[in-house]
Structures are given as structure tokens and as C-alpha cells.
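Student: Any chance you could fold what I've pasted below:
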Amino acid sequence: MERIGGEIVTIDPSFSEFNKLDEGIHHLREVMELRFDTLDREIVTAKERMDEKLVGMNALREQILQERGTYLTRERFDHEHSSLQNRVSAIELQNSRWSGSLWMLGGAVSGVVVLVNVALKLWIK
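Tutor: Numbering: from 1, shown residues only. Now for the predicted structure:
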């Protein structure tokens with residue numbers, strides 16, 4: 001028996017406790033190495049999946065950038081739409097003026113025809 005730090009410790013001369021500890025440490029080391037290997041494989045798999053997702057995201061970003069030039073901005077659409085509305089309104093106004101003018105012309109021609117017919121009837125009698 002020996003006294004270590006105020007405690008009495010018995011030392012086994014056969015080192016059986018050391019062998020048990022050594023076996024436990026060896027087993028623990030194997031378990032830890034297996035666990036770390038598993039974690040390393042999981043990390044590699046996660047990185048591969050992330051790379052696949054990033055490739056897909058990059059393809060989507062590239063598609064969006066290509067399509068961005070083909071669409072109008074809201075401001076340009078509003079400006080062009082307003083311009084077209086003004087042009088259509090002007091054409092509708094001109095059309096209605098022509099339509100009214102044609103009605104007046106038709107009425108005037110009809111009135112002249114009636115007057116000529118009346119004048120001819122009175123003159124021929």
C-alpha cells in the first residue's frame with residue numbers, strides 16, 4: 001500500500017487493472033474513430049448534396065438573368081400603355097367626328113334631293 005495525495009492506494013503487481021483500462025481505452029478509441037469516420041462520410045455526402053443544390057440555383061439565376069432582358073419594367077409598360085391609350089382615344093375621337101360628318105352629309109344630300117324633287121314637281125305642273 002502506498003499513500004498518494006492523502007489516500008491509501010493498493011497497487012496490483014499484475015497490472016490487471018492497467019490492462020483493463022488499456023482495453024477500455026483501445027475500445028473507446030475504435031468507437032471514436034468509427035464515429036469520426038461516419039461523421040466524415042456524412043459531411044462529404046452533405047457537401048455533395050449542397051453542391052448539387054448550388055448548381056441548380058446557379059442555373060436558375062442564369063435563366064433569370066437571361067429572361068430579365070426580355071421583359072418590360074413596370075415603368076416602361078405604364079408609359080407605353082398610357083401612350084397607346086392616348087393614341088386610341090385620338091383615333092376614336094376622329095372616327096366619331098367623321099361619323100358625325102357623314103351623317104350630316106347624308107342628311108344634307110337627302111335634303112337637297114327632297115328639295116329638288118319638290119321643285120321639279122312644282123315646276124313641271
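Student: How about the contacts made by S99?
Tutor: Contacts for S99 (Cβ atoms under 8 Å, 6 or more residues apart in numbering) come out as none. (C-beta placed from N, C-alpha, C; glycine too.)
Student: One more: Y71?
Tutor: Residues touching Y71, when contacts are defined by Cβ under 8 Å, 6+ apart, are absent altogether.
Student: Distance of it relative to F77?
Tutor: Distance check for Y71 against F77: by Cβ to Cβ, to the nearest Å, it reads 9 Å.
Student: what sits in contact with each of these two?
Tutor: Taking Cβ under 8 Å, 6+ apart as the contact rule, Y71 and F77 have no neighbour in common.
Student: Give the rounded mean pLDDT of stretch 73-84.
Tutor: Stretch 73-84 shows an average pLDDT of 93 in the prediction.
Student: err, stretch 56-63, not the other one
Tutor: The average pLDDT within stretch 56-63 is 93.
Student: Over to stretch 30-48?
Tutor: If you average the pLDDT over stretch 30-48, you get 95.
Student: in that stretch, what counts as buried?
Tutor: By neighbour count with 16 or more other Cβ atoms under 10 Å, stretch 30-48 contains no buried residues.
Student: residue boundaries of the strands in this protein?
Tutor: For the chain, strands defined by DSSP state E occupy the ranges 2-4, 7-9.
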